[in-house]
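Student: Build me a structure from this.
(2 chains)
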Amino acid sequence: AQSVTQPDIHITVSEGASLELRCNYSYGATPYLFWYVQSPGQGLQLLLKYFSGDTLVQGIKGFEAEFKRSQSSFNLRKPSVHWSDAAEYFCAGGLGTDKLIFGTGTRLQVFP
Amino acid sequence: KAGVTQTPRYLIKTRGQQVTLSCSPISGHRSVSWYQQTPGQGLQFLFEYFSETQRNKGNFPGRFSGRQFSNSRSEMNVSTLELGDSALYLCASKQGTNTEAFFGQGTRLTVV
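Tutor: Numbers count the residues shown, from 1 in each chain, chains lettered A, B, ... in the order given. Take a look at the predicted model:
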């Protein structure tokens, strides 16, 4: 069955530290991959997307993600975290007209 | 360009009642999808509409239904509400098949 896994439920980092959020996928073929961010009580904001081509994709707010086919991973990174980055992050996969399958989310807490 | 608009933002309903939620996609987007988000089950796909036709359906009971109008606006309806239907309902629109989905702010439904 198709699935997206985010192994880390909760991550805490200090402001200014680097960040890496993990995402693994299981699909019959390489899916389209996305990272979304959600603030409390809000909808999902698209951070970045991967369809094909360059495996390192740049997104908004200084985020980037690297697609690694050999590891079935699409990890999100940011070199220096800001307090405003505290939120919940969702990795999602999709194929064509198929639905998006979301991971369970990683809650990011940022300490000053 | 206006984003995805969902109305209302908040709803409180009583068990057994029915409810209709509305979603206006980004201008030019013909695909509208609905997702349910709960703390226990995470983000789950309800259905997708494209050009007024349901193209994909998730694993939800028949009490959950939807439709799309010729202007691409979509509504979802939940009949005979149950306490477990309390959730954040998110609508997403896409421009085409292999494109990213943009989400609205959601409708928070509380069933009492």
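
Student: List the buried residues in the helix or strand of chain B with the lowest mean pLDDT.
Tutor: Sorted by mean pLDDT, DSSP states H and E, the helices and strands of chain B end with strand B:53-57, the least confident at a mean of 93. Residues B:R55 are the ones in strand B:53-57 that count as buried (16 or more other Cβ atoms under 10 Å in any protein chain shown). To be clear about C-beta, it is placed using only N, CA and C from the backbone, and glycine gets the same treatment.

Student: can you give me the strands in chain A?
Tutor: Assigned by DSSP state E, the strands in chain A fall at A:3-5, A:10-14, A:19-21, A:24-26, A:32-38, A:44-50, A:56-58, A:64-68, A:73-78, A:87-94, A:101-102, A:106-111.

Student: wait, chain B
Tutor: Under DSSP E, chain B gives strands at B:5-7, B:10-13, B:19-24, B:31-38, B:42-50, B:53-57, B:64-68, B:74-78, B:87-94, B:102-103, B:107-111.

Student: Let me have these in JSON lines, extended by distance to A:S39.
Tutor: Formatted as JSON lines, the strands of chain B follow (distance: least, Cβ to Cβ, whole Å):
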{"stretch": "strand B:5-7", "distance to A:S39": "16"}
{"stretch": "strand B:10-13", "distance to A:S39": "16"}
{"stretch": "strand B:19-24", "distance to A:S39": "20"}
{"stretch": "strand B:31-38", "distance to A:S39": "13"}
{"stretch": "strand B:42-50", "distance to A:S39": "15"}
{"stretch": "strand B:53-57", "distance to A:S39": "28"}
{"stretch": "strand B:64-68", "distance to A:S39": "26"}
{"stretch": "strand B:74-78", "distance to A:S39": "23"}
{"stretch": "strand B:87-94", "distance to A:S39": "12"}
{"stretch": "strand B:102-103", "distance to A:S39": "12"}
{"stretch": "strand B:107-111", "distance to A:S39": "14"}
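
Student: Format the strands of chain A as CSV; extra columns: mean neighbour count and mean pLDDT.
Tutor: Formatted as CSV, these follow (neighbours: other Cβ atoms under 10 Å in any protein chain shown; pLDDT from 0 to 100):
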stretch, mean neighbour count, mean pLDDT
strand A:3-5, 16, 96
strand A:10-14, 13, 97
strand A:19-21, 18, 98
strand A:24-26, 17, 95
strand A:32-38, 23, 97
strand A:44-50, 20, 97
strand A:56-58, 14, 97
strand A:64-68, 18, 97
strand A:73-78, 20, 98
strand A:87-94, 23, 96
strand A:101-102, 22, 96
strand A:106-111, 16, 97
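
Student: Make a markdown table from those and add distance to B:I26 to it.
Tutor: Below are the strands of chain A laid out as a markdown table (distance: least, Cβ to Cβ, whole Å):
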| stretch | distance to B:I26 |
| --- | --- |
| strand A:3-5 | 24 |
| strand A:10-14 | 32 |
| strand A:19-21 | 27 |
| strand A:24-26 | 26 |
| strand A:32-38 | 16 |
| strand A:44-50 | 12 |
| strand A:56-58 | 22 |
| strand A:64-68 | 23 |
| strand A:73-78 | 24 |
| strand A:87-94 | 18 |
| strand A:101-102 | 20 |
| strand A:106-111 | 27 |
